[in-house]
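[1] attaching a predicted model along with its sequence, questions to come.
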Amino acid sequence: MIRITLPDGSVREVKEGASFLEVANGISPRLGKTAVCVRWNGELHDLRETVSADGTLSVVGPGQPEALNTLRHTASHVMAQAIKRRFPNARLGIGPAIEEGFYYDLDLPSPLAEDDLEKITADMREIIAADLPIARRELSKDDARTLFEKRGETYKLELLNDIEGETVSIFEQGEFVDLCRGPHLRSTGGLRADAVKLLSVAGAYWRGDEARPMLQRVYGTAWEKAKDLEQYLWKLEEAAKRDHRKLGKELDLFSIHEEGGAGLICWHPKGARLRRTIEEFWYAEHDRHGYDIVTTPHIGKAQLWTISGHLGFYRENMYSPMDIDGADYFIKPMNCPYQILIYKTRGHSYRELPMRMAELGTVYRYERSGVLHGLLRVRGFTIDDGHIFCRADQVDDEIRGVYDFALSMLTAFGFRDFDIYLATRPHAGKAVGEPERWEQATDALRAALDARGLPYKVDDGGGAFYGPKIDIKVKDTLGRPWQCSTIQFDFNLPERFDMTYIGEDGAEHRPYMVHRALLGSLERFIGCLIEQYGGAFPVWLAPVQAVIIPIADRHNAYAETVAERLRGAGLRAQVDDSAERMNSKIRAAQLNKVPYMLVVGDREAEAGAVALRLRSGEDAGAVPVEAFIQTASGIVRSKSAELWAGA
RNA sequence: GCCGGCGUAGCUCAGCCGGUAGAGCUACGGUUUCGUAAACCGUGGGUCACAGGUUCGAUUCCUGUCGCCGGCUCCA
């Protein structure tokens, strides 16, 4: 007999070879009926699998995340089956469940079109309606090989070769067979035809390797109920409304021009205003944190990039050189070499370390055309680039300081939801610098992370060749993560540039060097910011903080005096003196997501007041101009996310 | 860069199977001067991304280039 421990601590005995389904049925027929899969010793297993040793079991039923995952995995099989019915020559790649759906990669003789998706969907409905039982079989690798060879599934054969162990599992439904670990639903009828939707088709390299064939990846999503699908699609629509590319146009923040070049941003007055607000805050914060601000050139001779190693390691991201008086000059892809040159203009004492240098340095990098994306991935961008040169004994404090600084910056802008990574030494000798230095540096990074206590993931081997790093990523509206802050150790450049300082012992020492960007780049950061707020920025960031709306032309003069008073108090205010009606002006301001609309008519002019309407739609009533300035200024100063302090 | 889709007025979009284009908003002119999300009337505005090709004739079909979108790969 086999002893199975259940979540409530109770133990059940079953005979060896019983399936999980039988076990579930034994616990209660009702549980057996609804069970989707099981968690066996912490891992997900199919109901049809059998028990052969003691373990802990929890049965996964509908409503649990694992169940959704299983359902999506089955949906991907059903889709693959439907595609194979329509295109018998299709060869299967892989088809997993993903965060909010599933995909299947297939090698198809011809590309799929939009209306193919509809046809495939129709076939899927049939397969679901037929309620084909899904069978799980275990067989030896050799048998599996024969099976998939016969079916011409060359990709499956390749996968088979990489699987460890002697036996593999396959899942079958009707004529469809797939090499798969599972788990799966019991039959195709477990899916709801009205809760499955195919979304898009895209190319994907086999096993993510661009040297290998490109398969067609069909993305879909599947839910337990039609209502869940609807809700998901609604969420996608809402996310699309916050897309920074769309908002950038609507709010007149920036533009990119075909004539100018892809990935090159023109900041319009309002976008530039937003950017300037960020820069001003950034400079103030860096002053406060003991940084020296520098400015470095945009181009540099080949010699500089040879010393730095960029021409060796980074050439494919750099633009072609320009000839100046017979010498090759390159547009800078990074700011660090020049900051190092500044460091090297004189000797340094151990006493003046740490030295913290920073600049808003605009760099240009070649990015492959297919990866450009609005403000989030561009070819010309401004890094809030800083470098810390310090002694070994200062490393810990510096890292902790930078990490805290990075988090405080992100937090100031309202970001709460980000992913933190500790990227460690690359494997297989692809790293420069002695192991002890790596260890010390990685420990310093880890200590800083632990000190703050925020959850982080270790990206094993994900460090740069020149040092380990901490990356902080912010997600866009579609859930795609974008790296903003980065803190990177560098064992490479101090060597290459032969950087030194004179220690207490009178001898030359090599300083530690840390590259850090807190916002990442202004372009990307602002892109994330736009999406974060859906364009409705907190008051302190809003390009226009108040629009003054005269009711009739005779109120224009008063409106202008109000605007001047606001501007005198440092608030960004404009008068809408267009020939439109007040309603239209309010609508315009509302669409521009201006926090404050100050309506002025006879009553307000008389009283020296404004009728305050908030972006939220709330009518805050008449407020004396001075009182408005006081409250609004306070909100700006505190960088509050609140629109107005309830009086 | 690769796979697929797309590119029509400043913006959002319509234009069936080849016969040189249309709406709303914007802009401009006029009337209206109005109390919390679009006043009314009128006038402009397009080498249909660009370059070739097929055709009597191309916005429409084909090829190339550029750009955009979704992915893959890669990064701040």
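    Noted; the coordinates are in hand. Numbers count the residues shown, from 1 in each chain, chains lettered A, B, ... in the order given.
[2] may I see the buried residues of the helix or strand in which A:M79 is found?
    According to DSSP states H and E, A:M79 maps onto helix A:65-86. Of the residues in helix A:65-86, A:66-85 count as buried by neighbour count, 16 or more other CB atoms under 10 Å. Bear in mind the C-beta positions are built from the backbone N, C-alpha and C, glycine included.
[3] so where's chain A shaky on pLDDT?
    For chain A, the stretches with pLDDT under 70 are A:428-429, A:477, A:646-647.
[4] which parts of it belong to which domain?
    A:2-61, A:66-236, A:254-296+A:335-533, A:546-638 (automatic domain parsing).
[5] adding distance to RNA strand B, write those out as a markdown table.
    Formatted as a markdown table, these follow (distance: least, CB to the nearest atom of the strand, whole Å):
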| stretch | distance to RNA strand B |
| --- | --- |
| domain A:2-61 | 23 |
| domain A:66-236 | 3 |
| domain A:254-296+A:335-533 | 2 |
| domain A:546-638 | 3 |
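[6] could I get those as a markdown table with distance to A:P321?
    Formatted as a markdown table, the domains of chain A follow (distance: least, CB to CB, whole Å):
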| stretch | distance to A:P321 |
| --- | --- |
| domain A:2-61 | 55 |
| domain A:66-236 | 27 |
| domain A:254-296+A:335-533 | 13 |
| domain A:546-638 | 43 |
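[7] so which of the ones you listed gets nearest A:R242?
    domain A:254-296+A:335-533 (4.6 Å; CB to CB).
[8] give me the distance between the two termini of that closest one.
    Domain A:254-296+A:335-533 has its terminal residues 17 Å apart, counting by CA to CA, to the nearest Å.
[9] same question for stretch A:119-139.
    End-to-end distance for stretch A:119-139, by CA to CA: 34 Å.
[10] buried set for it?
    Buried, per 16+ other CB under 10 Å, within stretch A:119-139: A:I120, A:T121, A:D123, A:M124, A:R125, A:I127, A:I128, A:L132, A:I134, A:R136.
[11] now the second one, nearest residue through space, not along the chain?
    Pointing back at A:T121 there. A:L198 (5.6 Å; CB to CB, 6 or more residues apart in numbering).
[12] just how off-centre is the helix holding A:M79 within its chain?
    27 Å (CA atoms, centre = their mean, to the nearest Å).
[13] if we can go back for a sec, of the domains of chain A, which approaches A:Y319 most closely?
    Evaluated over the domains of chain A, closeness to A:Y319 peaks at domain A:254-296+A:335-533, with 5.9 Å, by CB to CB.
[14] what pairs with the helix or strand following the helix holding A:M79, parallel or antiparallel?
    For helix A:65-86, the following helix or strand on the C-terminal side (DSSP H and E) is strand A:91-92. Strand A:91-92 has the following sheet partners, assigned by DSSP bridges: strand A:101-107 (antiparallel).
[15] ok, residues contacting the first helix or strand past the strand it pairs with going along the chain?
    As assigned by DSSP H and E, the chain's next helix or strand after strand A:101-107 is helix A:114-130. Outside helix A:114-130, the residues within contact range by CB atoms under 8 Å, 6 or more residues apart in numbering are A:78-79, A:81-83, A:85-86, A:112, A:173-174, A:188-189, A:191-193, A:196-198, A:201, A:218.
[16] host element of A:R39?
    Taking DSSP H and E as the criterion, A:R39 maps to strand A:37-40.
[17] which strands and helices sit next to that strand?
    helix A:20-27, strand A:43-45, strand A:55-60, helix A:65-86 (3 or more CB pairs under 8 Å, 6 or more residues apart in numbering; DSSP states H and E).
[18] now the angle from the last one to strand A:101-107?
    In this case it means helix A:65-86. With axes from the mean of the first three to the mean of the last three CA atoms, to 10 degrees applied, the angle from helix A:65-86 to strand A:101-107 works out at 30 degrees.
[19] and A:R12, how far from A:L6?
    7 Å (CB to CB, to the nearest Å).
[20] what do you get for A:E166?
    A:E166 is 31 Å from A:L6, by CB to CB.
[21] ok, back up a step: got the angle for the helix holding A:M79 vs strand A:55-60?
    Relative orientation of helix A:65-86 versus strand A:55-60 (the same axes, to 10 degrees): 70 degrees.
[22] CA atoms of helix A:65-86 as CSV?
    The C-alpha coordinates for helix A:65-86 follow below in CSV (Å, rounded to 0.1, in the frame of the first residue of the first chain):
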residue,chain,number,x,y,z
PRO,A,65,-4.5,28.9,-11.3
GLU,A,66,-3.0,25.5,-12.1
ALA,A,67,-6.4,24.4,-13.5
LEU,A,68,-6.4,27.4,-15.9
ASN,A,69,-2.9,26.5,-16.9
THR,A,70,-4.0,22.9,-17.7
LEU,A,71,-7.0,24.1,-19.6
ARG,A,72,-4.8,26.4,-21.7
HIS,A,73,-2.4,23.6,-22.4
THR,A,74,-5.2,21.5,-23.6
ALA,A,75,-6.5,24.4,-25.7
SER,A,76,-3.1,24.6,-27.4
HIS,A,77,-3.4,20.9,-28.3
VAL,A,78,-6.8,21.3,-29.6
MET,A,79,-5.6,24.2,-31.7
ALA,A,80,-2.7,22.2,-33.1
GLN,A,81,-5.1,19.4,-33.9
ALA,A,82,-7.4,21.8,-35.8
ILE,A,83,-4.4,23.2,-37.7
LYS,A,84,-3.2,19.7,-38.6
ARG,A,85,-6.7,18.8,-39.9
ARG,A,86,-6.5,21.8,-42.2
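[23] thinking again about what came up before, show me what contacts the residue nearest to A:T121?
    A:M79, A:L117, A:I120, A:T121, A:M124, A:V218, A:Y219, A:G220.
[24] so what pairs up with A:R217 in the strands?
    Under the criterion used (DSSP bridges), A:R217 bridges to A:D105, A:A202.
[25] wait, it sits on A:G203?
    Yes - counting by CB atoms under 8 Å, A:R217 does reach A:G203; the two are 6.9 Å apart.
[26] of these two, which one has the most company?
    Set A:R217 next to A:G203 and count neighbours by other CB atoms under 10 Å: A:R217 wins out with 19 against 11.
[27] list the contacts of that one.
    Contacts of A:R217 (CB under 8 Å, 6+ apart): A:Y103, A:Y104, A:D105, A:V201, A:A202, A:G203, A:A204.
[28] switch to 10 Å and redo it
    When contacts are counted by CB atoms under 10 Å, 6 or more residues apart in numbering, A:R217 touches A:93-95, A:103-106, A:112, A:200-205.
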